[in-house]
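K.L.:
here is the input, now give the coordinates:
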Amino acid sequence: MKKIIVFFLGLTFCATFLFAQDIERNVKERLTDYFNQYTATAKISTPKLNSFDINYDRKTIAIYASESFAYQPFRPETVENIYNQVKELLPGPVHYYQLTIYADGKPIEDLVPNFYRNKKKDKERLSLNVDYKGAPWVKNTSRPNEISRGLQDRHIAIWQSHGNYFKNDKNEWGWQRPRLFCTTEDMFTQSFVLPYVIPMLENAGAIVYTPRERDTQKNEIIVDNDTPNASLYLEMGGKKINWANAPVRGFAQKKTIYKDGENPFTDGTCRFIPTERKKKKNKDQVFAEWVPTLPATGKYAVYVSYQTLPNSVSDAKYLVFHNGGVTEFKVNQKIGGGTWVYLGTFEFDKGSNDYGMVVLSNESSEHGVV
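P.N.:
Just a heads-up that it's a prediction; the model follows:
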């Protein structure tokens, strides 16, 4: 009797196995034909069936299409049509199984943008609250109007394409993008980004940071307490407080060529002083001056640098003396330490004079250091 039962079970297993093989062969043929003949609404390469998996216990089918199948735009109606078409192809025994179609590693229903979904929106794609609540990195307090909307206090990083890089094989500097129509992207893009796009953003209230140099002035002058040259760095202390070296490294220009990993903002010292609130007879309001010696009259972009300390303030007061007068800025030194921070571009005369300089005051509404 036991032998008969074992024999019967063996026959049942073989029959089930052969049945499953026959079903899967049938499914593979039908799905292969479907993807080979599939016509997308977009121009994509012919998709293919990569694989499929039938789980008879859970009554599920997972179909994996080639990556090109994911390149078409998916909409709710597109997904519904694909599922209906594929479901109609499945043979009777698996026709009612739970079906999931994958493309590029994701169910195709997940490839529908949130904008087109009526329900089940992907919360991970929804924009988070990215409003910055702190003080702006740089604020021109001499501006005649206060921008309250638009891009006010928004921080945007933008740059005018790529730039020069050193070609080791040719031992020369060259543009990163190829020549095209008598120009190159590295040069052409900046012809409208610098004079139009960036000013437009700034006039709308944005603080724009450019990793690539924005100034077209060919002359560059660095005034620094650690870099002696024809320019002048001055400090004015008070009765009770004086400038001192900060406990962190600062900027110094010790070379003209820098290799990977070398950082000029850690090659020198950093000076700091406690802040003081504005008072009529406050004799401890002190300042530092950077007076450049300019080789030619013209417009120059003005940058400042500092190091962020635990007690840095968000309203460091900078004054830029230029041919048009004096422009005041508040710089948030709680952020952006160890880089060049752009204030603005101004007209300066050739040489060195007291109406062509940058001044940092220790006046602040906060208790800390500048």
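K.L.:
what ranges do the strands span in the stretch 1-150 of the chain?
P.N.:
For the stretch 1-150 of the chain, strands defined by DSSP state E, counting those that start in this stretch occupy the ranges 49-55, 60-65, 98-103, 106-107, 138-140.
K.L.:
just put those strands in JSON lines and tack on mean neighbour count, mean pLDDT and distance to residue 200.
P.N.:
Backbone N, C-alpha and C define where each C-beta goes, glycine included. Below are these laid out as JSON lines (neighbours: other Cβ atoms under 10 Å; pLDDT from 0 to 100; distance: least, Cβ to Cβ, whole Å):
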{"stretch": "strand 49-55", "mean neighbour count": "15", "mean pLDDT": "92", "distance to residue 200": "47"}
{"stretch": "strand 60-65", "mean neighbour count": "19", "mean pLDDT": "94", "distance to residue 200": "44"}
{"stretch": "strand 98-103", "mean neighbour count": "17", "mean pLDDT": "94", "distance to residue 200": "40"}
{"stretch": "strand 106-107", "mean neighbour count": "12", "mean pLDDT": "93", "distance to residue 200": "38"}
{"stretch": "strand 138-140", "mean neighbour count": "18", "mean pLDDT": "94", "distance to residue 200": "16"}
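K.L.:
just put those strands in TSV and tack on distance to residue 347.
P.N.:
As requested, the strands of the stretch 1-150 of the chain are exported to TSV (distance: least, Cβ to Cβ, whole Å):
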stretch	distance to residue 347
strand 49-55	64
strand 60-65	62
strand 98-103	58
strand 106-107	56
strand 138-140	16
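K.L.:
so how many other residues sit close to residue 177?
P.N.:
Neighbourhood size, residue 177 [other Cβ atoms under 10 Å]: 16.
K.L.:
just to revisit the earlier point, of all the strands of the stretch 1-150 of the chain, which lies closest to residue 290?
P.N.:
Nearest to residue 290 among those is strand 138-140 (16.6 Å), distances taken as Cβ to Cβ.
K.L.:
adjacent strands (with direction) for the closest one?
P.N.:
Next to strand 138-140 in the sheet, as set by DSSP bridges, lie strand 325-331 (antiparallel).
K.L.:
quick one, domains of this protein?
P.N.:
With automatic domain parsing as the criterion, the domains of the chain are listed as 2-121, 145-209, 232-361.
K.L.:
quick one, which of the ones you listed is packed in tightest?
P.N.:
Across these, the average number of neighbours (mean count of other Cβ atoms under 10 Å) peaks for domain 232-361, which reaches a mean of 16.
K.L.:
endpoint to endpoint, that one covers what distance?
P.N.:
Domain 232-361 has an end-to-end distance of 17 Å (Cα to Cα, to the nearest Å).
K.L.:
same deal with stretch 62-79?
P.N.:
End-to-end distance of stretch 62-79: 15 Å, with Cα to Cα as the criterion.
K.L.:
hmm, back to that, of the domains of the chain, which is nearest residue 215?
P.N.:
Closest of those to residue 215 is domain 232-361, at 3.6 Å (criterion: Cβ to Cβ).
K.L.:
give me the average confidence score over that closest one.
P.N.:
Mean pLDDT, domain 232-361: 92.
K.L.:
check the chain and tell me which residue is nearest its centre.
P.N.:
With distances taken as Cα atoms, centre = their mean, residue 157 lies nearest the centre of the chain, 6.6 Å away.
K.L.:
pretty sure that one sits against residue 209.
P.N.:
Yes: taking Cβ atoms under 8 Å as the definition, residue 157 is a contact partner of residue 209 at 4.8 Å.
K.L.:
excluding its backbone neighbours, what's nearest residue 174?
P.N.:
Distance criterion Cβ to Cβ, 6 or more residues apart in numbering; nearest residue to residue 174, sequence neighbours excluded, is residue 167 at 5.1 Å.
K.L.:
check residue 360 too.
P.N.:
Excluding the flanking residues, the one nearest residue 360 by Cβ to Cβ, 6+ apart is residue 288, at 4.8 Å.
K.L.:
wait, a strand at that neighbour?
P.N.:
Yes: counting by DSSP: H, G, I helix; E, B strand; the rest coil, residue 288 is located in a strand.
K.L.:
if I pick it, what's in contact with it?
P.N.:
Residues near residue 288 by Cβ atoms under 8 Å, 6 or more residues apart in numbering: 233, 234, 235, 236, 243, 271, 359, 360.
K.L.:
now render the residues you listed as CSV, adding distance to residue 197 and secondary structure.
P.N.:
Converted to CSV, these look like this (distance: Cβ to Cβ, whole Å; DSSP: H, G, I helix; E, B strand; the rest coil):
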residue, distance to residue 197, secondary structure
233, 35, strand
234, 37, strand
235, 39, strand
236, 40, strand
243, 39, coil
271, 36, strand
359, 31, strand
360, 30, strand
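K.L.:
closest to residue 33 among the residues you listed?
P.N.:
residue 360 (74.4 Å).
K.L.:
just the strands from the stretch 251-370 of the chain, written as ranges.
P.N.:
Using DSSP E, counting those that start in this stretch, the strands found in the stretch 251-370 of the chain span residues 271-272, 287-291, 298-304, 316-322, 325-331, 341-348, 357-361.
K.L.:
the fifth one vs strand 316-322, what angle?
P.N.:
If I follow you right, that is strand 325-331. For strand 325-331 against strand 316-322, the angle by axes from the mean of the first three to the mean of the last three Cα atoms, to 10 degrees is 160 degrees.
K.L.:
what of the last one?
P.N.:
Inter-element angle recorded for strand 357-361 and strand 316-322: 160 degrees (by the same axes, to 10 degrees).
K.L.:
can you spell out which helices and strands pack onto strand 357-361?
P.N.:
Under the contact criterion of 3 or more Cβ pairs under 8 Å, 6 or more residues apart in numbering; DSSP states H and E, strand 357-361 touches strand 287-291, strand 298-304, strand 316-322.
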